[in-house]
Structures are given as structure tokens and as C-alpha cells.
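Chemist: A structural model of the following input is requested.
(one chain, ligands or ions: 1)
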Amino acid sequence: MKIFLPMLMFKSALLSAIAFLALGLTACGGDNTSGAASSSLLDKIKSRGQLTCGVSGEIPGFSFVGTDGKYSGLDVDVCRAVAAALFDNPDAVEYRNLNAKERFTAVQTGEVDLLSRNTTLTASRDTSVGMAFAPIVFYDGQGMMVGKNSNIKSLKDLQGKAICTQTGTTNEQNLADKMRQLGIAYKPVVFEDINTAFATYQQGRCNAITSDKSQLISRRTTLPKPDNHIILDEVLSQEPLAPAVADGDAKWADVLKWVVYALIKAEELGINSQNVANLASSDNPEIQRFLGIKGNLGEGMGLSKDFAVRIIKHVGNYGEIYDRNLGPKTKLNLPRSQNKLWTKGGLLYSPPFK
Ligand SMILES: N[C@@H](CCC(=O)N[C@@H](CS)C(=O)NCC(=O)O)C(=O)O
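Modeler: You can find the predicted model right below:
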């Protein structure tokens, strides 16, 4: 016993030290959260004077780089709205094109401040991939595109056929799940790059290509003969698309969250880029609070009082963003369907600004 006592003492001291360290680490972990709140990315971005936004850059209507090098699309407008709220300048954004595989690492390593890139909000991404998602900006579902003359009229006609998809996406998994459920054996052809995926489909080396419906509609406009391709009626999954920031920085996540809500709320209140200046004299208390005429909602978020005015005057409300990028006057001409406001039978809803 005697012989083992010092060893036991050593062991217990060691265990205590480990426990202490572990506690310390936990405390640091806990402190980090509150530390992050006090030294939030928000402050760094403000002093940097520019926002770094991760987008795709390959999807017209969502995020696309024009021949003039300018970015446009609904996802891009989310970046612009955040920059408008922060700097009163929607152009204070540096964009980074990210493919599906790169996107989450880019957020975790701080390469981008926020991800606004046709990304589906899922439980695992929200809880174990280290993302903090903002509200949904586009309700989507996965679809299947095939050649018009292919004789493929529904998913069951894809037995034994090659289907192009992209790695690191929900689409790859949904396809496998759906086809297993339907008992259809198919050949998955998986790519990292969307352009290669579409080029392969275009060359006829895949009988079909699957992705979010909005993306299929968008990319179809870039094919040499868009009318030669149809999107099957069946929807394989739900794809609620939302922007995201890295987990653990509630202050920064709140900014993104309330900028998105501001876009929705502005449409609901009938405030748009054309009338926002006149509404400075509104006597509606809800509008007064929202526009920062009364109260200090913006300040509580680490923003200016008039952050909503800045967003709307530069970027517009959600409806204006939708119409500009995806609406009937665009090549995409996507019906708003689920992406209408809740007051119009859709799913878009903002909590109160109070
Ligand atoms: N919403 C799905 C799919 C998103 C996705 O990345 N889709 C591919 C096409 S299947 C894409 O957008 N690629 C664009 C690119 O790589 O730039 C997800 O979050 O996983």
C-alpha cells in the first residue's frame, strides 16, 4: 500500500489537474461565447469597413458575376443589405465564389464573414457543422431536369439511367434516399463543380441532372437551347435556403437575422425603396419603431438607429429583391409561391420589430 500511495497521490493530482484543465477549457469555451459577444466579428467588420460574403457566383438570379464583373442575385442582395445596414453602402462587399464543398470551411476559418449561397438549412448543418443560420430567404425543393425528347416523364423512367449531381450537397443524399424509396436503380455521376456537372449533362453523358428547382430553372437559361429541357413535376425534397454565419457569435448572427427580417417586414409594412424617405414623417408607431424614428432597436443590435432605412433605400424590400432577380420581368420568371408573405398565403413571416 505504502509503495503505491505516492503513485496514487500522483495519479489523483494528475486527474485533478486534468479535471481543472478540462474545467478551464470549458470555462474558456463558455467565456468564448460571451467573449465572442464582446469581441464579435461585427466589430472587426465595422473597423475593416467591408463585408466578405461567400456566394456561388454561378447561378443567375441568386448569385452571378456579369461580364462587367458585377455580382447580382437574391443571395447577393442579402450581402448588399447587410453592407447597407453596416456602412450605408451596399457596395462595401468583397465576394468570394465558393463551391458546395468549400462553403462551410470558408465560414469556419473566417475566410468569409457570411455565407449567402443557395444553402439548405438542415438540422446537422445548424447543430454539428458549426453554422448559425439566419431566417429562410427562399423556400425551394429539389427537382430533376431531363431532355424534352428523352421520353423521361417521371422519376420512375430513370431506372438504369445516369444522373448528374454535385458533391457536398443535400441533393446528392436526397437523390439516393428518394430513389431507394421508389426502388429505382440509377447511376450517380457526381461532380464538385457545377459547370462540369451541367457540361456533362449537356453532352448527353447524363440522362438527367438534379439540383434545387430554382437552380435548375436558373441554369437552364444558360444552356444553348433552354426549351429543349424540362423539369419534372416531382419534388424530391424540401430545400429551405438561408444565409449563415459561424456558430458562437450571437451578436453577429443577430445582425444577419434581423437584416433578413427587415427585408420581409418592410414588404409587409408596404415600405419600399421609393417611399422609404417619405415615411420618415409617418405617424404609424410600428413604422416609426421599424425605421428608427422612435426607440433604439438598431442600437441594441450594434447597428445605427436607421439601419432599416439604409437597407430599404439601397436594396429595397424582399418583394423588390425577388422581382428584380427572379420575378416575371426576368428570364427566370419564378412564381413566388411559398416565397410570398404570410399575409398573401406564403411562408415569409417576420417577428415584430419592438
Ligand atoms: N441547396 C443545396 C444545394 C446547393 C448547391 O451547392 N448546389 C449546387 C448545384 S447541385 C450549386 O449550387 N453549385 C454552384 C456552385 O458550385 O457554384 C445544398 O445546400 O446542399
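Chemist: can you pull the contacts of the closest residue to the ligand within the stretch 201-350 of the chain?
Modeler: Going by CB to the nearest ligand atom, the ligand is nearest to S211 of the stretch 201-350 of the chain, at 3.6 Å. For every residue, glycine as well, the C-beta is placed using N, CA and C. By CB atoms under 8 Å, 6 or more residues apart in numbering, S211 lies in contact with 142-143, 145, 165-166, 169, 171, 219.
Chemist: Report the secondary structure element holding it.
Modeler: In this structure, S211 sits in strand 208-212 according to DSSP states H and E.
Chemist: partner residues bridging M144?
Modeler: T210 (DSSP bridges).
Chemist: measure it to P135 for me?
Modeler: 28 Å (CB to CB, to the nearest Å).
Chemist: what's the answer for R103, then?
Modeler: In terms of CB to CB, R103 sits 19 Å off from P135.
Chemist: now do I230
Modeler: Taking CB to CB, one finds I230 at 32 Å from P135.
Chemist: S56 contacts R117, doesn't it?
Modeler: Yes. Counting by CB atoms under 8 Å, S56 touches R117, with 4.9 Å between them.
Chemist: Tell me the residues that contact both of these two, please.
Modeler: Common neighbours of S56 and R117 (CB under 8 Å, 6+ apart) are 63, 75, 98.
Chemist: which residues sit in contact with the first one?
Modeler: Applying CB under 8 Å, 6+ apart, one finds that S63 lies in contact with 55-57, 71-76, 95, 116-118.
Chemist: That one: what's its closest spatial neighbour, skipping adjacent residues?
Modeler: V55 (3.7 Å; CB to CB, 6 or more residues apart in numbering).
Chemist: now the helices for the stretch 201-350 of the chain?
Modeler: According to DSSP state H, counting those that start in this stretch, the stretch 201-350 of the chain carries its helices in the segments 213-220, 250-268, 285-290, 297-300, 307-315, 318-325.
Chemist: if we can go back for a sec, M144 and P135: which is more packed in?
Modeler: Applying other CB atoms under 10 Å to M144 and P135 shows that M144 carries more neighbours, namely 25 against 20.
Chemist: OK, contacts around L348?
Modeler: Counted by CB under 8 Å, 6+ apart, L348 has contacts 264, 267, 318, 339-342.
Chemist: Buried members of the residues you listed into PyMOL, please.
Modeler: Buried residues within these, by 16 or more other CB atoms under 10 Å, are selected in PyMOL with:
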select buried, resi 264+267+318+339+340+341
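Chemist: In JSON lines, list the contacts of L348 along with distance to the ligand and pLDDT.
Modeler: Conversion of the contacts of L348 to JSON lines gives the following (distance: CB to the nearest ligand atom, whole Å; pLDDT from 0 to 100):
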{"residue": "I264", "distance to the ligand": "20", "pLDDT": "99"}
{"residue": "E267", "distance to the ligand": "24", "pLDDT": "98"}
{"residue": "Y318", "distance to the ligand": "19", "pLDDT": "99"}
{"residue": "N339", "distance to the ligand": "15", "pLDDT": "98"}
{"residue": "K340", "distance to the ligand": "21", "pLDDT": "98"}
{"residue": "L341", "distance to the ligand": "23", "pLDDT": "98"}
{"residue": "W342", "distance to the ligand": "23", "pLDDT": "98"}
